[in-house]
Structure formats: structure tokens, C-alpha cells
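pasting the sequence and the predicted coordinates here, then a few questions.
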Amino acid sequence: MHAVATHELTRTFGPRRAVGRLTVDVPLGGVVGLLGPNGSGKSTLIRMLLGLVRPTEGDADVLGSSIRHPAQYAERVGALVESPAFVPGLSAHANLLSLARLRGLPRSRVAEVITAVGLSGREREPVRRFSLGMKQRLGIAAALLPDPELLILDEPTNGLDPAGIVEIRALLVRLGQSGRTVIVSSHLMAEIEAACDWLIIVRFGELVFSGPIGELMARTETFVDVEAEHHDDNDTLARVLAVAGWVTELMPDGVRVRAGRDSAAEINRTAMAAGFTLGRVQVVHDSLEHVFLELTGQTDGELAQDRAAGQERTKVVR
Ligand SMILES: Nc1ncnc2c1ncn2[C@@H]1O[C@H](COP(=O)(O)OP(=O)(O)OP(=O)(O)O)[C@@H](O)[C@H]1O
């Protein structure tokens, strides 16, 4: 069984195609990052998985049951799809307790979820005193109340400051280690990449990548950046290295050589043989963020909407 399996899943809103023929299998366990620029269909996909939006075409299974019958799996799935509403004058504990009562869940779950999201010691404070990051964690605590096998979080890092993002990322890692499956969406690779085991990358509602994060990592490139001792020599150094067979690019502060770590010594020797002393030899890895942007394009929601509506537009370069 998969946590989620979609087949040709499609949702249109009038002329706009929010999700188009999406076929993807998400394994059970660990943290799954659902990534794509704003407007690429992440929320629509999540809403379909939760039974909040009906597909126009195609189908999907959540924990083995069709999304046509969400009641069959509703109790096994926890979700945070927008900023949760809590009573600001009440404490985190009191808010969670009333939610637990409403849903008929044992009150012992309240203390458990408070610990799970790292709010122990603060649970008696009124929610109005909480930072945005703490409120998001409280929202995740509420989603965890029924002890779900699958937790779906839509952009939980949105609007958070760097410290809040770090808190959520650490929480995602802990939740992923607890045996459940966590699907978390974001439009920024850097915010969640460190927490993810598996990635689904969408663009204009279509799948551009799905697989273990290591598979995407394998697509990153390595460079050797070198710098001549005297800045004016970098131009000639670039040509010398190119004649020796490397693909080089002149950078403002040196020369970028498209080569792996193994080539660093050989590059150094070639430079020295040509009479250059290198002031810097540095092996640089392309970031996952860069691969993500290459896959998705640096689009904004506006452009995505127009593309989804089938209108062509010139490429936006930021
Ligand atoms: N209820 C709706 N009515 C009309 N259009 C919609 C509706 N919901 C989503 N859309 C459109 O579908 C497309 C995908 O939106 P969606 O919110 O799923 O993307 P997203 O990747 O979650 O983006 P964001 O991060 O900005 O929320 C957009 O063009 C959006 O305007």
C-alpha cells in the first residue's frame, strides 16, 4: 500500500487547470516534500486528497481508499491546510482539550501532542502570546490529536521568520521518524529540503519529479572554482584550462571549472605548469535549490495561472 497513489488526477477551475494528469505514488513513512512555485497546484492536490475538492478527472487513493470516499480514511489522516483558528484568550492546552472533546478523543492525547510539537512548558499560556511559529506548531498538534498515520501540512513554513522555519523543520524530522507519513508542501526548496526523504515537484499542476531526495541530489553538479594569485591572470588561466580540455567559465572572482573533486589536483598542476600560482582552489556543489529552479522555472503565480489557462506568455526573467 502507498500513503498516496494518484492516477491521471486532474482538476480544472473553469479554463484553469490547477492539477493536470498527475500520476504519482508516495511511499509510506517519512517526510514527503510537495514542492512547486506559487500557483502550481499544491493546495488543490492536497484538497483533493482530503476530499475537500472533487477531481475533474482521474482518481487517487489515500492509505488504500479512493478519494471518492474520504470518510473511509478521514480518521487516519491529520491535516493543516490553512492557519488554524484557536481561541486567543485560552491556553494551548485548553484549546487542544476542547478539540479533543469535540472529536471524542481521549484527553491523554493532549499532553502527548504538546510534547510531540515541543510546546511543553508553554501549554498553559494564552495562545494570543504565541509567536506565529508556535501557532503553527499548535496547529500541527491539533492535526496530530487523532494520532494519524498520514499527516498533510500545506505550507506550514509560510510567513515564518528563519527561527520559526528552523523549528518547523526540526519538528518535521521528528514526526517523520515516528513511523507516520508526513506530506508537507512548500514553494521554497530551501525551507524543507533538509527534512525530506522523498520529493514531489510540480509545475503548472504537472509532475516534474518524484523520487527519493538522493535521486535529485545525484542531478546536482560539482565545480572546481580556482582563482589566480593575480586577478588579471584569471582570463588567461581560463583559456589555459580550456585548452587542456576542461569546460570553464570566467567568473568575477576567478574561473569556474566544470569538474569533480577528483580533478582539483590536476587543475592545480595544469595551472602551475603554465606558470600560474593559484590563490584559491575550491570544490563547489550545485544546490538542490538550483536544480529545483531549473525544473520548475522561476515562475510566479500569475504566469502559472496563465499557462494553466492555456495562454502563452513570454518567459519571465527575474
Ligand atoms: N477555488 C478555485 N477557483 C478558481 N481557481 C482556483 C481555485 N483554487 C485554485 N485555483 C487556481 O488553481 C491554480 C493552482 O492553485 P493552488 O492554490 O492549488 O496552487 P498552489 O501551488 O497551492 O499555490 P499557492 O502556494 O500560491 O497556494 C491557480 O491558478 C489558482 O488560481
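Good, I have the coordinates.

switch to C-alpha atoms for all contacts and neighbour counts from now on
Will do.

and the closest residue to residue 86 other than its chain neighbours, backbone torsions?
In this structure, residue 86 finds its nearest non-sequential neighbour in residue 95, 6.5 Å apart by CA to CA, 6 or more residues apart in numbering. Here is the backbone geometry of residue 95 (degrees, to the nearest 10): phi -60, psi -50.

residue 95 contacts residue 87, doesn't it?
Yes. With contact defined as CA atoms under 8 Å, residue 95 reaches residue 87; the gap is 6.7 Å.

the more surrounded of the two?
residue 95 (21 against 12; other CA atoms under 10 Å).

can you tell me how far the more buried one sits from residue 62?
From residue 95 across to residue 62, the span is 29 Å (CA to CA, to the nearest Å).

then residue 170?
Counting by CA to CA - residue 170 and residue 62 are separated by 26 Å.

looking at those two, which is more packed in?
residue 62 (24 against 17).

ok, now which ones touch the more buried one?
Contact partners of residue 62, counting by CA atoms under 8 Å, 6 or more residues apart in numbering, are 2, 3, 4, 5, 49, 73.

swap in residue 115?
Residue 115 neighbours (CA under 8 Å, 6+ apart): none.

please renumber so the chain begins at 773
Yep, numbering from 773; the last one is residue 887 now.

picking up where we left off before, in strands, which of the contacts of residue 834 appear?
776, 777 (DSSP state E).

including pLDDT, could the contacts of residue 834 go into JSON lines?
Shown next, in JSON lines, are the contacts of residue 834 (pLDDT from 0 to 100):
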{"residue": "774", "pLDDT": "94"}
{"residue": "775", "pLDDT": "96"}
{"residue": "776", "pLDDT": "97"}
{"residue": "777", "pLDDT": "97"}
{"residue": "821", "pLDDT": "97"}
{"residue": "845", "pLDDT": "96"}
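
buried ones only from the contacts of residue 834, please, as a ChimeraX command.
Those of the contacts of residue 834 that count as buried under 16 or more other CA atoms under 10 Å are selected in ChimeraX with:
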select :775,776,777,821,845
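
mind picking the one among the contacts of residue 834 that's closest to the ligand?
Distances from the ligand to the contacts of residue 834, taken as CA to the nearest ligand atom, are shortest for residue 821 (12.0 Å).

tell me which element the nearest residue to residue 838 once chain neighbours are set aside is part of?
In this structure, residue 838 finds its nearest non-sequential neighbour in residue 832, 5.7 Å apart by CA to CA, 6+ apart. If you go by DSSP states H and E, residue 832 is part of strand 829-834.

pull up the pairing partners for that strand, direction included.
Applying DSSP bridges to the sheet, strand 829-834 is found paired with strand 776-785 (antiparallel), strand 837-838 (antiparallel).

who's in contact with stretch 791-801?
Contacts for stretch 791-801 (CA under 8 Å, 6+ apart): 773-784, 804, 812-813, 816-817, 829-830, 948, 951-954, 976-979, 982.

residue numbers of the protein in contact with the ligand?
785, 790, 810, 811, 812, 813, 814, 815, 816, 1077 (CA under 6 Å from any ligand atom).

residue 1012: which element?
Going by DSSP H and E, residue 1012 is in helix 1006-1015.

quick one: mean pLDDT for that helix?
Average pLDDT, helix 1006-1015: 96.

and it, what does it pack against?
strand 994-1000, strand 1020-1023, strand 1026-1029, helix 1036-1045 (3 or more CA pairs under 8 Å, 6 or more residues apart in numbering; DSSP states H and E).

now find how far off-centre the third one is within its chain.
This points to strand 1026-1029. 31 Å (CA atoms, centre = their mean, to the nearest Å).
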